[in-house]
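Build me a model:
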Amino acid sequence: MVSEALTIPPSIAEQILAHARSEVPNEACGLLAGDLASGTVTAFHPARNAEASPLRYDVHPDDLVRIVLGIEDAGVDLVAIFHSHTHTSAVPSPTDLRSAQYPEPFYLLASLSDPRATPESALRAWRIADGASTEVRLQVR
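Predicted coordinates for the structure are as follows:
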């Protein structure tokens, strides 16, 4: 069973948003670990965007292998895949929908369109499967 809500501690939500802002003008990306069944995040693993692009992201293959193996070694789950949108809302783009390959983890998006946005207003969580997205409840607590 997989949770229908994603819960991120405030300190991790701040790390995610700081990473996203540090990568501007390009999209940022990373992976979140924790317990997929409860949707609880316990760690954020920033990654390099192999595309180095303001319009697309691809977790660098070296980072992907290193992070996923670390998550498995820690005995926790890959809970979410994160990336930022530099000028648009935190809604999956057609490119995001086409490239989503993991139906179980959440997809966490950050909008950087408002430089003063808080994690609660900048971050949104989604499920993406079969080319379609469904927003899920995101709790920063």
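
ok, and the closest non-adjacent residue to E104?
V2 (5.9 Å; C-beta to C-beta, 6 or more residues apart in numbering). Heads up, the C-betas are built off the backbone N, CA and C, glycines and all.

contacting residues for that neighbour?
Residues in contact with V2 (C-beta atoms under 8 Å, 6 or more residues apart in numbering) are L36, A37, G39, E104.

which one of these sits closest to A20?
The shortest approach to A20 among the contacts of V2 belongs to G39, at 20.7 Å (C-beta to C-beta).

Let's see the pLDDT reported for that closest one.
What the model reports for G39 is a pLDDT of 97.

for it, phi and psi?
Main-chain dihedrals, G39, degrees, to the nearest 10: phi 70, psi 20.

dump the residue contacts of it.
V2, S3, E4, A5, L6, T7, V79, F106.

Just the CA coordinates for stretch 97-109, please, in PDB.
Extracted in PDB, the C-alpha atoms of stretch 97-109 (Å, rounded to 0.1, in the frame of the first residue of the first chain):
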ATOM      1  CA  LEU A  97       4.600  13.500 -18.100                       C
ATOM      2  CA  ARG A  98       6.400  11.800 -21.000                       C
ATOM      3  CA  SER A  99       9.600  11.200 -19.100                       C
ATOM      4  CA  ALA A 100       8.200   9.900 -15.800                       C
ATOM      5  CA  GLN A 101       9.300   6.400 -15.300                       C
ATOM      6  CA  TYR A 102       8.500   5.500 -11.700                       C
ATOM      7  CA  PRO A 103       4.800   5.100 -10.900                       C
ATOM      8  CA  GLU A 104       5.200   4.400  -7.200                       C
ATOM      9  CA  PRO A 105       7.300   7.400  -5.800                       C
ATOM     10  CA  PHE A 106       5.800  10.800  -5.700                       C
ATOM     11  CA  TYR A 107       6.900  13.600  -8.000                       C
ATOM     12  CA  LEU A 108       7.700  16.800  -6.000                       C
ATOM     13  CA  LEU A 109       7.900  20.000  -8.000                       C
END
